[in-house]
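Novice: Fold the stuff below for me.
(one chain, ligands or ions: 2)
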Amino acid sequence: MIPFGYARASDVSDAVRQIAAEPGAKFIAGGTNLLDLMKDDVERPARLIDISRLPLTAVEETDNGGLRIGALVPNSDLAWHPLIEQRYPLVGSAILAGASAQLRNMASTGGNLLQRTRCAYFYDTATPCNKRQPGSGCSAINGVNRGHAILGASEACIATHPSDMCVALMALDATVHVVGPNGPRAIGFAEFHRLPGNKPHIDTTLQPDEIITWIELPAKGFAANYSYLKIRDRLSYAFALVSVAAALELQDGKIRDARLALGGVAHKPWRVASAEAALHGQAADEKTFAKAADVLLQNARPQTHNAFKVELARRAIVRTLTQAARGTPQSQSNKHIQ
Ligand SMILES: Cc1cc2nc3c(=O)[nH]c(=O)nc-3n(C[C@H](O)[C@H](O)[C@H](O)COP(=O)(O)OP(=O)(O)OC[C@H]3O[C@@H](n4cnc5c(N)ncnc54)[C@H](O)[C@@H]3O)c2cc1C
Ligand code: SF4
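Specialist: Ligands and ions are numbered 1, 2, ... in the order given. Modelled structure (predicted):
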């Protein structure tokens, strides 16, 4: 047993004050990732600051027509929230493709963004891992790397970000609102998660003394033409080998606006402006979708064991965009049995 302190935060300011006062402290929300990491001795926080009872549980419409989601809204409540079902079904579909019903009941919106990679070496303290212990080496590069990154990796780390929900939030241009000792600030979703570079131990641009308070979605939800496709080794309860979030706005068979993001392929949800530009103004057909897939994957560099992911991603992109264009999203048929 490794001893650690525990304190409950009374409000957001108290949470920030407590974490700023003790550099070794960590927030705990649902605990579904952090407690596993502590049990495996990957993380050793000196103190847990429990934020699970803070009043950050509302889902509210904003004045500019968007949606504001409290950081402590459980994943299951968010997926089934009427405003998400009606206006942002891409987000609900992505959440329901992840974990299990029990986990989604505990997991929070903020915690989902900050869940750590599922690279097996990261969890195995007997092996070198630059993310767990900077400078120790990366066991995955010459090890078993079937599930690892094909885009944006570095010589220090080839891990992927495991979240499903974040792929949808990336596609929809969400904003992460945080509060730290210097007050509140907003981080665009594309800037929130980092590529590994030579500092793979730093996953995000959130500072250690900042708390996520809420996530904002802009007004445009692409509720008519969207799809989230997750390809994994088992039908449920597994992380993505490749996932695709696609959203289209169509007019007379042509694409007026498009969003496309990939999960399971990089250290962050992967979105490239030129791939979406390749869709704009084009006919919503397989030829257009294949071209966008080529653009999105043009810098793919597979590892020893995962060259299959490049072709898998290419086909998944075409299929997901086809489903979105037809208004037949992947998860709609099985949403009620997950
Ligand atoms: C077996 C299993 C399978 C899973 N499968 C999937 C899957 O298929 N897809 C998927 O997307 N996810 C999956 N998950 C991950 C799950 O979604 C995350 O564990 C969960 O979302 C984390 O939320 P939490 O509230 O439990 O976070 P916690 O474990 O409490 O915290 C995680 C991290 O976030 C920090 N934190 C939490 N809230 C805040 C905040 N408001 N501000 C600042 N820091 C904060 C904590 O300090 C900690 O570092 C799975 C998890 C498990 C255990
Ligand atoms: S890929 Fe990243 S997380 Fe996995 S062993 Fe290498 S450094 Fe660690």
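
Novice: In contact with Val265: list those residues for me.
Specialist: Taking Cβ atoms under 8 Å, 6 or more residues apart in numbering, we find Val265 in contact with Ala149, Ile150, Leu151, Thr160, Val242, Ala300, Lys309, Ala313. Bear in mind the C-beta positions are built from the backbone N, C-alpha and C, glycine included.

Novice: helix/strand/coil for the nearest residue to the third one once chain neighbours are set aside?
Specialist: The shortest distance from Leu151 to any residue that is not its chain neighbour, by Cβ to Cβ, 6 or more residues apart in numbering, is 4.3 Å, and that residue is Ala266. Taken by DSSP: H, G, I helix; E, B strand; the rest coil, the conformation at Ala266 corresponds to coil.

Novice: Ile19 now?
Specialist: State at Ile19, reduced to three classes by three-state DSSP: helix.

Novice: So it is in contact with Leu206, correct?
Specialist: No: applying Cβ atoms under 8 Å as the test, Ile19 and Leu206 come out as separate, 11.3 Å apart.

Novice: if you count what's nearby, which of those two comes out ahead?
Specialist: Ile19 (24 against 21; other Cβ atoms under 10 Å).

Novice: quick one: contacts for that one?
Specialist: Ala25, Lys26, Phe27, Ile49, Pro208, Asp209, Ile211.

Novice: Columns pLDDT on top of those, output as TSV?
Specialist: Listed next are these as TSV, based on pLDDT from 0 to 100:
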residue	pLDDT
Ala25	98
Lys26	98
Phe27	98
Ile49	98
Pro208	97
Asp209	98
Ile211	99
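
Novice: Check those residues for burial and list the buried ones.
Specialist: Among these, those scoring as buried are Ala25, Lys26, Phe27, Ile49, Asp209, Ile211 (criterion: 16 or more other Cβ atoms under 10 Å).

Novice: how close does the first one sit to ligand 2?
Specialist: Translated: Ala25. In this view, Ala25 and ligand 2 are 23 Å apart by Cβ to the nearest ligand atom, to the nearest Å.

Novice: How about that residue: what's its closest non-neighbour residue?
Specialist: Leaving aside its sequence neighbours, Ala25 is closest to Arg47 (4.1 Å, by Cβ to Cβ, 6+ apart).

Novice: Contact partners for the one you found?
Specialist: With Cβ under 8 Å, 6+ apart, Arg47 has these contacts: Phe4, Gly5, Tyr6, Ala7, Gln18, Glu22, Gly24, Ala25, Lys26.

Novice: can you map out the helices along the stretch 201-338 of the chain?
Specialist: Secondary structure of the stretch 201-338 of the chain (DSSP state H, counting those that start in this stretch): helices at 273-277, 286-296, 308-326.

Novice: So for ligand 1, which of those helices sits nearest?
Specialist: Ligand 1 sits nearest to helix 308-326 of all the helices of the stretch 201-338 of the chain, at 16.0 Å, using Cβ to the nearest ligand atom.

Novice: on that earlier part again, if we check ligand 1, which of the buried ones among the contacts of Ile19 are in contact?
Specialist: Filtering the buried ones among the contacts of Ile19 for proximity to ligand 1 by Cβ under 6 Å from any ligand atom leaves Lys26, Phe27, Ile211.

Novice: tell me the contacts of the first one?
Specialist: This means Lys26. Lys26 neighbours (Cβ under 8 Å, 6+ apart): Ile19, Leu34, Glu43, Pro45, Arg47, Leu48, Ile49.

Novice: Give me the neighbour count for the fourth one.
Specialist: If I follow you right, that is Pro45. Neighbours around Pro45, by other Cβ under 10 Å: 19.

Novice: Where does it sit: helix, strand or coil?
Specialist: coil.

Novice: And for it, nearest residue in space, chain neighbours not counted?
Specialist: Lys26 (3.9 Å).

Novice: so that neighbour sits in a helix?
Specialist: No: secondary structure of Lys26 (three-state DSSP): strand, not part of a helix.

Novice: Residues of the stretch 1-150 of the chain that sit close to ligand 2?
Specialist: So the stretch 1-150 of the chain meets ligand 2 at Thr117, Cys119, Tyr121, Phe122, Cys129, Asn130, Lys131, Cys138, Ser139, Ala140 (Cβ under 6 Å from any ligand atom).
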